[in-house]
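S.K.: The sequence and its predicted three-dimensional model are supplied below.
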Amino acid sequence: MSAEPASNAKKMTIIVTKGTLDWAYPPFILSTTGAAMDVDVTMFFTFYGLQLLKKDISHLQISTLGNPGMEMPMMGMHMQMPNLISTIPGVDAACTKMMKNMIKKKGVASVEELRDIALEGDVKMVGCQMTMDLFEWSQDDMIDGIEIGGAATYMGEALESDINLYI
C-alpha cells in the first residue's frame, strides 16, 4: 500500500469583525496576497465585518473615534485626528471622502475590487449565520459566491490552518 505524499499546502483563516472603510483593507489585502502565494484562505465575517459582504458597500465610512494613530496628509503635512474631533458632526463623512479621494488618486484598489480579486482567487468567504439572524439580513443582501456558516464552520477551518488572524 503506497502512502499519499504529504501536502505542503498552507492554510490561513481570518476572522473579520470590523465594518469600516479603513478596516476593510487589511483582511482583503492579506487574503488576496495569501491566495496569490498558493495559501488556502478562509475569511469568516462576523458582526460588523459582515457589512463587507453586503452587495452595496458604498456606505462604508472611516471612524475617527478610537483611532488615535490616524493621520491624514493635508497641505504638505500630516494632520493627526484626535478622538475629540469625532464629536463634531460630519467629521467622519469628511474623513471618509478624503480617504476615498486618496485611494483613487494613489491608484489603490477599492474594497469592491479587492473583494472581487479574493473571490477570483478562490478565497473562501463565510458569512456568520448568527450575525445575519441577529441583524435580520438574508443571503439576498449578500454578494454571490459566499458561504453561510457558524462558529463551527470557522473552527473546522482554523483547526487545520497554519495561520489564524483576528482583524
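M.R.: Now that the structure is in, tell me what you want to look at.
S.K.: List the contacts of stretch 11-18.
M.R.: With contacts defined as CB atoms under 8 Å, 6 or more residues apart in numbering, stretch 11-18 is touched by 24, 27, 30-31, 34, 39-49, 52, 154, 157-158, 160-167. All C-beta atoms are positioned from the backbone trio N, CA, C, and that covers glycine.
S.K.: So which of the residues you listed are in strands?
M.R.: Members of the contacts of stretch 11-18 lying in strands (criterion: DSSP state E): Val39, Asp40, Val41, Thr42, Met43, Phe44, Phe45, Ile163, Asn164, Leu165, Tyr166.
S.K.: Could I get the contacting residues of the third one?
M.R.: For Val41, the contacting residues are Lys11, Met12, Thr13, Ile14, Ser31, Gly34, Ala35, Ala118, Gly121, Val123, Lys124, taking CB under 8 Å, 6+ apart as the criterion.
S.K.: would you turn these into CSV with neighbour count, secondary structure and distance to Asp92?
M.R.: Below are the contacts of Val41 laid out as CSV (neighbours: other CB atoms under 10 Å; DSSP: H, G, I helix; E, B strand; the rest coil; distance: CB to CB, whole Å):
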residue, neighbour count, secondary structure, distance to Asp92
Lys11, 18, strand, 36
Met12, 23, strand, 31
Thr13, 25, strand, 30
Ile14, 28, strand, 25
Ser31, 28, helix, 26
Gly34, 22, helix, 31
Ala35, 20, helix, 32
Ala118, 23, helix, 26
Gly121, 15, coil, 31
Val123, 23, coil, 29
Lys124, 20, strand, 32
